[in-house]
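K.L.:
A predicted structure for the sequence below; I have some questions about it.
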Amino acid sequence: MKELVSIRMRASKEVAHNKIKSAQDNNIHISGAEGLYKLEDINKVVKDYIERALNHSRGKPDRIVITIENIAEKPLYIRALPVTTLRIKSIFDAEIAVKKLLLFHGISLEAISTAFEILHKENMRGASLISFSNSKRLEYDKQRGIRVSRLGISKEAKRKLSQQLSKFNINNDTVKEALILASKVASSGKIIAEVCISDDPDYTTGYVASSKLGYLRIPNIKKKNSRSGGRVFFVKESENIEKIISYLEKTPVIINKISHCRGTLNLNEIIGIIDK
């Protein structure tokens, strides 16, 4: 196996606030991307990441940070979650679908309500970790959140994934990168479910994901031009939280196998597949 590197890009812009609690509060997130790559890919990937940062719908950044880190640990290889798009026509229907899917996993109404509060805010830097039973926030740094890192996909798996997604006109970086992240999260074996809404004002599709559900795209989850968004993981409070966070942030994971893309289904069809 050739040597791997983790390449991460974070782009931000300084804005003026009347009430600044910390230096971080004076910056808004513009763009971010990351992956595990071979050494010979560094130049191309860095160029692509900078191009993305400079041409994002959230605006022009005044700070772009590229981090390149050698990965000494042997990566874990996993299969990507199956991809399904829900047939959703409105924000109301989207939120009902998210609620039903999370309830299906045994997540409490209190925890779901807290999750929506987080998802409707702006400039959440990382993911929130919530107790599935009582909505308690379990991440140690609630300002920073949890940042799922050191994740990637093999070139052959990426080629096959692109073929599958192209059949349903969803072969783009946003879908692929979210699927890679959701697949790593599910592979931890400790996250009951994940719900995410992109903070990109031009992207109005969120998702719910789990090892049981797969990766479920949920269109019309927010209004266009909205900068709100976030990511929430639901977990049992009795789990080893430190170990879970360490896996999500530090363990290198690469997708080398692809699951079937189911196309577009309604909520009842999804539940029917799960119940079989």
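P.N.:
Here it is on my side, so go on. Worth saying up front: this structure is predicted, and the values here are computed from it rather than measured.
K.L.:
and the strand or helix carrying Thr84, what does it pack against?
P.N.:
Using DSSP states H and E, Thr84 sits within strand 83-86. In terms of contacts (3 or more CB pairs under 8 Å, 6 or more residues apart in numbering; DSSP states H and E), strand 83-86 is packed against strand 214-218, strand 261-265, helix 267-275. To be clear about C-beta, it is placed using only N, CA and C from the backbone, and glycine gets the same treatment.
K.L.:
for Lys155, which of these is the nearest?
P.N.:
strand 261-265 (18.9 Å; CB to CB).
K.L.:
ok, Ile180 - contacts?
P.N.:
Gly35, Ala80, Leu151, Gly152, Ile153, Ile255 (CB atoms under 8 Å, 6 or more residues apart in numbering).
K.L.:
ok, and the most crowded of the residues you listed?
P.N.:
Greatest neighbour count in the contacts of Ile180, by other CB atoms under 10 Å, goes to Ala80: 27 neighbours.
K.L.:
show the model's pLDDT score for that one.
P.N.:
The score at Ala80 is 99. That number is its pLDDT.
K.L.:
so it sits right up against Lys158, yeah?
P.N.:
No - contact criterion CB atoms under 8 Å: Ala80 and Lys158 do not qualify, at 9.9 Å.
K.L.:
now the strands for this structure?
P.N.:
Taking DSSP state E as the test, the strands found in the chain are 4-14, 27-38, 63-71, 76-79, 83-86, 128-131, 151-153, 193-197, 206-210, 214-218, 230-235, 253-257, 261-265.
K.L.:
mean pLDDT for those: which is lowest?
P.N.:
Among the strands of the chain, strand 27-38 carries the lowest mean pLDDT, a mean of 90.
K.L.:
residues in contact with the closest residue to Tyr247 other than its chain neighbours?
P.N.:
In this structure, Tyr247 finds its nearest non-sequential neighbour in Ser188, 5.1 Å apart by CB to CB, 6 or more residues apart in numbering. Ser188 sits next to Ile244, Tyr247, Leu248 when contact means CB under 8 Å, 6+ apart.
K.L.:
in helices only, show me those.
P.N.:
Ile244, Tyr247, Leu248 (DSSP state H).
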